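[1] With the input below, show me the fold.
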Amino acid sequence: MSNKFSFFFCFLLLLPSLILAQNRLEMALKEFEQAPELRYASIGFAAIDIDKNELIASRNPEQSLITASTMKAITTSTTLALLGANYRFATYLEYDGYIKDGVLHGNLYFKGTGDPCLGSPYMEDIPSLDELSNEFCEAVRKAGIQKITGLIIGDGSHYDNSIMVPTWQWMDMGNHYGAGVSGLNLHDNLFYMQFQLSASQSRGPKFLGCEPEVPSLEVINELETGKPRSGDQSYIYTAPYHPQAWIRGSLPQGSKKFKVKGAAPNPELFAAHWLWRSLNAQGIRCLRQPVTHRNYKMAEKRRRFHTHYSPPLAQIIQHVNEASRNLYCESFLKTLGKKFKQEASTEAGVGVLMDFWEKRGISTKGFFMQDGSGLSARNGVPAKTMAQIMRKVYIDQKSFPNFYNLLAVAGKTGTFKYLGRKTALEENLHGKGGSMNRVRSYTGYVKSRSGRKIAFSIIVNNYNCASWTIRKKLEKVLLAMAEYNQ
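    Numbers count the residues shown, from 1 in each chain. Sure thing, here's the model as predicted:
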């Protein structure tokens, strides 16, 4: 009797801590949703036990919400499954006409198939612009060309001409994160507007130029000078293929030079102009200004003499999920549309993606997809749908090889580098985050203290606090998942 009593007594002593551990996730969710800053917010949350396919906790799991960049987890996983980890994008140099005595009597074509990372300034282990310049110029010389009488033609016709997603916002389109995607992309379609800061708030910063050079672009500088250390508060406004760009807002007061990242409004001409300058700089004379496939009737018969390949798709996907590159996901969608529907458009790519998941038992009711990156405010996905997709990705290693390790890792990599450091989340949470104006989200995987493998999604729309505040509040919920002990 005494042993039974001792056991029962110990059980009573341990019961509160057991209940606390089991209910910690519910307590964290309740605290989160009752925060004053979330009074008018919409919250979606779903946590699914991967092995049991059991919903262990939720809040409004079927409410469709704006995802921001967690949409990329769906786009990248689908692209991995359909194209394969070793898929590579190709970029070609071609010519028409004929070569005689070192002179190309014809046109040189710079043709892309959608490679989003050609000459990227951010992705590691790929050729820089200078290295690409040497590679392409050497290829032209090996082809026996020292002079070109025709045109340098940027050929982005592998994709449709709609470089922008129609539902992207005007204030996003001219900025680096809102770069449009073409069949021919270079340097993330990114350029830098360079300014001389003003020492006085009564004068605006002085525009110095663009690097790399953006042909035929007129920059209308409406910047003001803000307070010292006020940071970059500027926005660039432009439209696809438009020759003008307005920059408004403010840059900080100071005496240094300052760079603002912009999106090239005409990606094919941006790339063709870069090649034209590279060739001339290395002594290969190009007598005429570059053009694009949209304003020149290209020859049907061409000779291909050089091919440049991208890194394997898995490497590109890891970069996307760690650094959150919008343009890359738009390229993925159009590539899916091209391959499976013979239509290289965003709409076709969305159709391929939706078909893919419906065939795998995912309901697409309430799943509204306008782009691949999550930049459109008209996207909408229920948290439960996203968590279900993440679960299916995890359990099907044949279709989604190593996707778990292609995500950002809490406390270690990419946009998760400072998330959950020195907590149970560090190196435990693998996922993708998202943020835009009044939107914050996370999706991915976490292993709980009790050993459960959890696929989850949490989305918050219309919170009323600073970005760092909502991030800390969400981190508490994520940590409670990691400490879940049931």
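[2] quick one: pLDDT of the nearest residue to residue 187 once chain neighbours are set aside?
    Distances taken as Cβ to Cβ, 6 or more residues apart in numbering place residue 119 nearest to residue 187, at 4.6 Å, with adjacent residues excluded. Heads up, the C-betas are built off the backbone N, CA and C, glycines and all. Note on residue 119: pLDDT of 98.
[3] do the same with residue 15
    pLDDT at residue 15 comes out at 48.
[4] how about the CA coordinates for stretch 412-424, as CSV?
    Extracted as CSV, the C-alpha positions of stretch 412-424 are listed here (Å, rounded to 0.1, in the frame of the first residue of the first chain):
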residue,chain,number,x,y,z
LYS,A,412,21.6,29.3,-38.8
THR,A,413,20.7,30.3,-42.4
GLY,A,414,19.0,32.9,-44.6
THR,A,415,16.1,34.8,-43.3
PHE,A,416,15.9,32.4,-40.3
LYS,A,417,19.5,33.2,-39.2
TYR,A,418,18.4,35.1,-36.1
LEU,A,419,15.1,33.2,-35.4
GLY,A,420,15.0,31.1,-32.3
ARG,A,421,18.7,31.4,-31.5
LYS,A,422,19.7,29.5,-28.3
THR,A,423,16.2,28.0,-27.9
ALA,A,424,14.6,24.7,-28.8
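[5] Please list the outside residues in contact with that stretch.
    321-324, 408-411, 425-429, 431, 433, 449, 471, 475, 478-479, 482-483 (Cβ atoms under 8 Å, 6 or more residues apart in numbering).
[6] what about 6 Å?
    322, 323, 324, 408, 409, 410, 411, 426, 433, 479, 482, 483 (Cβ atoms under 6 Å, 6 or more residues apart in numbering).
[7] Check stretch 78-86 too.
    312, 313, 314, 317, 332, 353, 356, 399, 400, 401.
[8] how far does that stretch sit from the chain's center?
    Distance of stretch 78-86 from the chain centroid (Cα atoms, centre = their mean, to the nearest Å) equals 16 Å.
[9] got the buried residues for it?
    78, 79, 80, 81, 82, 83, 85 (16 or more other Cβ atoms under 10 Å).
[10] One more: stretch 53-70?
    56-61, 63-70.
[11] distance between it and the chain's centre?
    21 Å.
[12] I'd like the average pLDDT over it.
    Rounded mean pLDDT across stretch 53-70 is 97.
[13] Just the terminal-to-terminal distance for it.
    21 Å (Cα to Cα, to the nearest Å).
[14] next one: stretch 157-172
    The first-to-last residue distance of stretch 157-172 comes to 24 Å (Cα to Cα).
[15] cool, and stretch 235-248?
    By Cα to Cα, one end of stretch 235-248 lies 5 Å from the other end.
[16] which residues are in contact with that stretch?
    163-164, 171, 174-175, 180, 216-223, 234, 249, 262, 265-266.
[17] and with 7 Å instead?
    Residues external to stretch 235-248 that are found in contact with it (Cβ atoms under 7 Å, 6 or more residues apart in numbering): 163-164, 170-171, 173-175, 180, 193, 216-223, 234, 249, 260, 262, 265-266.
[18] on that earlier part again, mind checking which of the buried residues of stretch 78-86 are in helices?
    78, 79, 80, 81, 82, 83 (DSSP state H).
[19] per-residue confidence at the fourth one?
    At residue 81, the predicted lDDT confidence score is 98.
[20] Quick one: neighbours of residue 464, just the number.
    The tally of other residues near residue 464 (other Cβ atoms under 10 Å) stands at 14.
[21] mind listing what it touches?
    37, 40.
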